[in-house]
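>>> Quick one: sequence plus predicted model below, questions after.
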Amino acid sequence: MESVIRDKLVKQMMNDDLFCDPQHGFVPGRSCMTQLLIILECWTDLLGGGDPMDFIYLDFRKAFEET
């Protein structure tokens, strides 16, 4: 039942263009890998330009694993 509801919600949100561009979770064709590639490119640009940066990166994958 959860997957049916999720699929309906995601479809509706995609149809109404409710996902922002940086959103990668639940978006077809996007994944953790695509998100990492994009953020690494941003960090590389900042470092290359000499801009200061601070960031915190969290991975909640383990929090949702079933035991």
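Good, I have the coordinates. Numbers count the residues shown, from 1 in each chain.
>>> Next up, the contacts around Met53.
Listed by CB atoms under 8 Å, 6 or more residues apart in numbering, the contact set of Met53 reads Trp43, Leu46, Leu47. Every C-beta, even on glycine, is put in place using the N, C-alpha and C of the backbone.
>>> ok, now with 10 Å
By CB atoms under 10 Å, 6 or more residues apart in numbering, the contact list for Met53 reads Cys42, Trp43, Leu46, Leu47.
>>> same deal with Ser31?
His24, Gly25, Leu37.
>>> Out of the contacts of Met53, which sit inside helices?
Cys42, Trp43, Leu46, Leu47 (DSSP state H).
>>> secondary structure class for the residue nearest to the last one when sequence neighbours are not counted?
On the basis of CB to CB, 6 or more residues apart in numbering, the spatially nearest residue to Leu47 that is not a chain neighbour turns out to be Met53, at 7.5 Å. Here Met53 is recorded as coil under DSSP: H, G, I helix; E, B strand; the rest coil.
>>> same check, this time on the one 5 residues further on
The three-state assignment at Leu58 reads coil, by three-state DSSP.
>>> Backbone torsions only: list them for it.
When read as degrees, to the nearest 10, the backbone of Leu58 gives phi -120, psi 140.
>>> Would you quantify the distance from it to Pro22?
Taking CB to CB, to the nearest Å as the measure, Leu58 falls 15 Å from Pro22.
>>> Run through the residues that contact the residue positioned nearest the centre of the chain.
For the chain, the residue nearest the mean C-alpha position is His24 (2.9 Å; CA atoms, centre = their mean). Applying CB under 10 Å, 6+ apart to His24 gives the contacts Arg30, Ser31, Cys32, Met33, Thr34, Gln35, Leu36, Ile38, Ile39.
>>> ok, the second one to Asn15 distance?
Distance check for Ser31 against Asn15: by CB to CB, it reads 21 Å.
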